[in-house]
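# One predicted model, sequence on top.
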Amino acid sequence: MLPEVASWLRRRTSAAADWPLEALLAAKGDARVSVVLPARDEERTVGAIVGAIRSDLVERAPLVDEIVVVDSRSTDRTAEVAEAAGADVVVQDLVLPGHGRMSGKGEALWKSLAATTGDLLVFVDADLRGFTSSYVTGLLGPLLDDPDVAYVKGCYDRPLVTGERRVENGGGRVTELVARPVINLHWPRLAGVMQPLGGEYAGRRSVLERLPFVTGYGVEIGLLLDVYQEEGLDAIAQVDLGRRTHSHQSTEALGIMSGQILLTAWSRLERHGRMLPMEAPATALAQFHRGPDGHDVRVSDVGVGERPPMIEIPEYAADRTLLR
């Protein structure tokens, strides 16, 4: 491991328990905090997450100023459940409607910048099980403690739960098989980031609004690499949040996710001047399934769209100017 990575791990890694609520309230000052949950068909879990944040960090202690669920074309009762639990629910496609519709988690996160007012934004996936509000306090800790920290990633143990079967540390397959090797090969100073694809992270609006957002599954690795490029390694911190349990996808779906992550990494290698490509990568992914007459092929487009930095959107820039 590079010496600077070992140094970063010592200085910029903490645990959620290191950030007691009383200390965060004292450090908050005039800063506004928004918690964002991008959600699509998560009626079974979103209510408990919103309820815990509202109970612990809004009603009992005034740390969080708004909880916003971005409903990403749900077909179930996600919106109703989230609203009943105390969230402000915004419909993804009704935010900045003049800029068209794109798909994917990154689209919901990008739209959330225009739908929230916080100086600090905490992102939490809506499919978590066993969620506690220490996720939020842990992620806010480094931001409220040190103005040089711009972006905080959560890290955790990720068991693989399939029905009644549980494999400790069996989750995060795309992280271990795709993202971590790519990062170690091309961005070795980020090798200490334990969960580069984790969906729980926080950042300063002043930084996030100046970054492009990949609209698909590449959003997490794209943001991490762009923050590193723009702000440097020491602007990034990570917090151990304990254990993360959530729903898991099929191997086929993980293959599509991996394709989008690789394409996002490719785009950053080119954009950040780390390679000179001879040609653009293909975006078609062929996957095979055995059928009655042999192997059937299914081809998916894993191309990723991208939204520009939010600060470049005229309506947003005008609103921020008025707020100042």
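Yes, it's here.

# Tell me how far stretch 1-8 lies from the chain's centre.
Chain-centre distance of stretch 1-8: 24 Å, with CA atoms, centre = their mean, to the nearest Å.

# Would you mind listing the outside residues contacting it?
188-189, 191-192, 233-234, 236 (CB atoms under 8 Å, 6 or more residues apart in numbering). In short, each C-beta sits where N, CA and C put it, glycine included.

# List only those of the residues you listed flagged as buried.
Among these, those buried by neighbour count (16 or more other CB atoms under 10 Å) are 191-192, 233, 236.

# circling back: kindly indicate which of the contacts of stretch 1-8 lies nearest T245.
G192 (24.0 Å; CB to CB).

# Report pLDDT for G255.
pLDDT, G255: 95.

# what sits up against the helix or strand that contains it?
Taking DSSP states H and E as the definition, one finds G255 inside helix 251-271. With contact meaning CB under 8 Å, 6+ apart, helix 251-271 is reached by 173-174, 177-179, 182, 186, 197, 214, 216-219, 221-222, 225-226, 229, 249, 274-277, 281, 283, 285, 287, 298, 300, 302-304, 306.

# does F131 count as helix, strand or coil?
Here F131 is coil, with the state taken from DSSP: H, G, I helix; E, B strand; the rest coil.

# Run a quick neighbour tally on it.
25 (other CB atoms under 10 Å).

# which residue packs closest to V91, ignoring adjacent ones?
Here the nearest residue to V91 in space, its sequence neighbours aside, is D71; by CB to CB, 6 or more residues apart in numbering that works out to 5.4 Å.

# now the helices for the stretch 201-324 of the chain?
205-208, 219-231, 251-271, 314-323 (DSSP state H, counting those that start in this stretch).

# Can you say which of those is packed in most?
Burial of these is given as mean neighbour count (mean count of other CB atoms under 10 Å); helix 219-231 ranks first at a mean of 23.

# low-confidence ranges in the stretch 51-200 of the chain?
Scanning the stretch 51-200 of the chain for pLDDT under 70 picks out 159-171.

# can you pull out the helices in it?
Going by DSSP H, counting those that start in this stretch, the stretch 51-200 of the chain shows helices at 78-85, 105-115, 134-145, 173-174, 180-186.

# right, and those helices - which one's nearest W19?
Comparison of these against W19 by CB to CB identifies helix 134-145 as nearest, at 2.9 Å.

# which outside residues touch the closest one?
Here helix 134-145 makes contact (CB under 8 Å, 6+ apart) with 12, 14-21, 24, 27-28, 31, 33, 35, 53, 57, 63-64, 120, 122, 124, 128, 149-150, 152, 154, 200-204, 237, 239-242.

# Put together JSON lines for the helices of the stretch 51-200 of the chain, with mean neighbour count and distance to E312 on each row.
Below are these laid out as JSON lines (neighbours: other CB atoms under 10 Å; distance: least, CB to CB, whole Å):
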{"stretch": "helix 78-85", "mean neighbour count": "20", "distance to E312": "29"}
{"stretch": "helix 105-115", "mean neighbour count": "25", "distance to E312": "12"}
{"stretch": "helix 134-145", "mean neighbour count": "25", "distance to E312": "24"}
{"stretch": "helix 173-174", "mean neighbour count": "18", "distance to E312": "30"}
{"stretch": "helix 180-186", "mean neighbour count": "16", "distance to E312": "27"}
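
# and of those helices, who's closest to M310?
That would be, of those and by CB to CB, helix 105-115, which comes in at 4.5 Å.

# Relative to E66, how far out is the nearest residue to D319 once chain neighbours are set aside?
Spatial nearest neighbour of D319, chain neighbours left out: A114 (7.7 Å); criterion: CB to CB, 6+ apart. From A114 across to E66, the span is 13 Å (CB to CB, to the nearest Å).
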